[in-house]
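Peer 1: 3D model of this:
(one chain, ligands or ions: 2)
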Amino acid sequence: MTDPELSPAAPAGRPELSPAAPAGRPELSPAVPGGGTAPVTVRALVARGSGAELRVERVRLPAPGPGEVRVTIRAAGVCHSDLSMVNGTLAARFPLVLGHEATGVVAETGPGVELSVGTPVVLNWAPACRACWWCRRGEQWLCADTTAPTVPRGETDDGVPLHLTLGLGALAEAVVVPERAVIPIPAGLPPEQAALLGCAVLTGVGAVRNTARVTPGESVAVVGLGGVGLAVLSAARRAGATTILAVDVAEAKRDLAFAAGATDFLLSDDRLSKEVRARTESRGVDHAFECVGRAATIRAAWRLTRRGGAVTVVGMGAKDDMVSLGALDIFHSARTLRSSVYGSSDPDREVPVLAAELAEGALDLGVLVSGTIPLDEAPVAFDRLARGEGARWVVTLD
Ligand SMILES: [Zn+2]
Ligand SMILES: [Zn+2]
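Peer 2: Ligands and ions are numbered 1, 2, ... in the order given. Below is the predicted model:
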């Protein structure tokens with residue numbers, strides 16, 4: 001999901017390092033009488049409630065049923081939407097396994113699955129049904145069969161029914177998901193970069209290519225430089241935008257912004273509109289991308305955009321955060337305001353394209369990865385995310 005990542009909110013409770021859980025890889029599913037396989041016990045990052053301390057716990061996942069696969073996770077990003085699950089921004093059910101941006105390898109297949117064991121995949125948190133009115137129109141990102149924010153599946157080690165973030169729960173040693181929630185990718189990609197294809201990169205690149213359709217020579221402002229905002233910057237650069245203004249409240253994002261492709265970095269303060277106009281012949285930018293998910297930054301993005309320009313809202317905000325715009329301003333400015341859900345993309349078609357670009361070196365996601373950490377340190381990554389530090393922290397598992 002997309003990231004409200006600009007203003008570092010004070011974390012309600014500092015997630016502490018979880019006590020060392022027993023190490024170990026996902027257990028192989030032993031054959032059970034009757035030909036099926038058994039549930040597996042794996043370690044996973046679990047939130048027991050809103051604001052509760054995050055802990056790595058052992059959880060039980062069912063054996064893959066018809067049309068399902070078990071994927072051994074190799075890397076999983078910590079996305080702002082995971083934080084939104086635990087800080088009350090999104091309605092979630094607990095206990096909840098966090099994580100929805102990951103790559104791994106198919107480890108076991110249920111009946112009727114075409115993919116074979118050993119296939120490297122990226123997880124897809126919004127698999128399209130391909131049958132509803134939107135899917136048939138080619139608007140898979142608006143599929144009527146939407147994944148709920150939390151989906152019941154499996155149980156905790158002490159027998160409590162478990163929920164999975166966006167049906168995945170990817171901050172874990174393994175997931176058991178429908179085959180349509182995985183997308184095959186080439187072998188050999190750096191896992192900490194491939195993981196990001198499933199959320200931050202697909203969202204950021206799609207916002208530029210599919211939603212806004214930035215063309216060579218255009219000017220762009222990107223408000224909010226978390227993982228998605230940085231992905232938007234680099235995609236704008238690759239789309240041929242010539243003025244690429246990166247905007248954040250944190251001066252610490254300056255170097256990251258330039259590394260991702262910005263031509264200028266601006267602090268989000270009272271002078272912002274003036275500074276943007278000074279760089280766009282007094283007009284404002286052709287495209288502003290809001291990658292925070294707040295009314296205040298949506299209004300800021302609106303003001304940075306030229307008459308007739310387009311504001312693309314990529315950040316996912318809260319339902320009671322109201323955006324106020326003047327009726328005369330809406331008419332006179334002739335701006336377009338629209339959102340980009342999952343990059344207005346068809347992940348099954350576009351993730352393989354991005355994966356191929358990554359394999360060829362045409363897409364370099366190194367700047368998006370602030371660091372890799374073991375699963376036990378994932379709570380610390382949430383803490384850093386809440387403070388707005390870095391781009392993406394990625395949990396890696398061997
Ligand atoms: Zn996400
Ligand atoms: Zn559909």
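
Peer 1: what's the burial count for Pro379?
Peer 2: Residues contacting Pro379 under the criterion other CB atoms under 10 Å number 22. Where C-beta positions appear, they are placed from N, C-alpha and C, glycine not excepted.

Peer 1: how about Glu275?
Peer 2: Number of residues near Glu275 (other CB under 10 Å) recorded here: 16.

Peer 1: so for it, what's the nearest residue that isn't a sequence neighbour?
Peer 2: Spatially, and ignoring its direct neighbours in sequence, Glu275 is nearest to Leu266 (5.0 Å; CB to CB, 6 or more residues apart in numbering).

Peer 1: you'd agree that neighbour is up against Val247?
Peer 2: Yes. Leu266 is in contact with Val247 according to CB atoms under 8 Å; the separation is 5.1 Å.

Peer 1: is the helix of greatest length in the chain anywhere near ligand 2?
Peer 2: Scanning the chain for the longest helix, with DSSP state H as the assignment, gives helix 347-360. No. Helix 347-360 does not reach ligand 2 (CB under 5 Å from the ion); its nearest approach is 12.0 Å.

Peer 1: name the residues that touch the helix or strand following that helix?
Peer 2: Using DSSP states H and E, the helix or strand that follows helix 347-360 in sequence is strand 369-373. Defining contact as CB atoms under 8 Å, 6 or more residues apart in numbering, one finds that strand 369-373 is touched by 75, 192-193, 196, 380-381, 384, 389-396.

Peer 1: one more pass at 7 Å, please.
Peer 2: Contacts with strand 369-373, where a contact means CB atoms under 7 Å, 6 or more residues apart in numbering, come from Glu192, Gln193, Ala381, Gly390, Ala391, Arg392, Trp393, Val394, Val395, Thr396.

Peer 1: give the helix, strand or coil label for the first one.
Peer 2: Under DSSP: H, G, I helix; E, B strand; the rest coil, Glu192 falls in the helix class.

Peer 1: can you pull the pLDDT of it?
Peer 2: Note for Glu192: predicted pLDDT of 98.

Peer 1: specify the beta-bridge partners of the nearest residue in space to it that is not next to it in sequence.
Peer 2: Distance criterion CB to CB, 6+ apart; nearest residue to Glu192, sequence neighbours excluded, is Val394 at 4.3 Å. According to DSSP bridges, the residues that bridge with Val394 are Gly77, Thr372.

Peer 1: tell me the contacts of Val394?
Peer 2: Val394 touches Ala75, Ala76, Gly77, Glu192, Ala195, Val369, Thr372, counting by CB under 7 Å, 6+ apart.

Peer 1: pull out the buried positions in stretch 247-261.
Peer 2: Residues Val247, Asp248, Val249, Ala250, Lys253, Arg254, Leu256, Ala257, Phe258, Ala259, Ala260, Gly261 are the ones in stretch 247-261 that count as buried (16 or more other CB atoms under 10 Å).

Peer 1: restricted to strands, list those.
Peer 2: Counting by DSSP state E, those place Val247, Asp248 in strands.

Peer 1: ok so, going back, how near is the residue nearest to Glu275 to Val276?
Peer 2: 7 Å (CB to CB, to the nearest Å).

Peer 1: the two: which is more packed in?
Peer 2: Set side by side, Leu266 and Val276 show more neighbours around Val276, with 26 against 22, by other CB under 10 Å.
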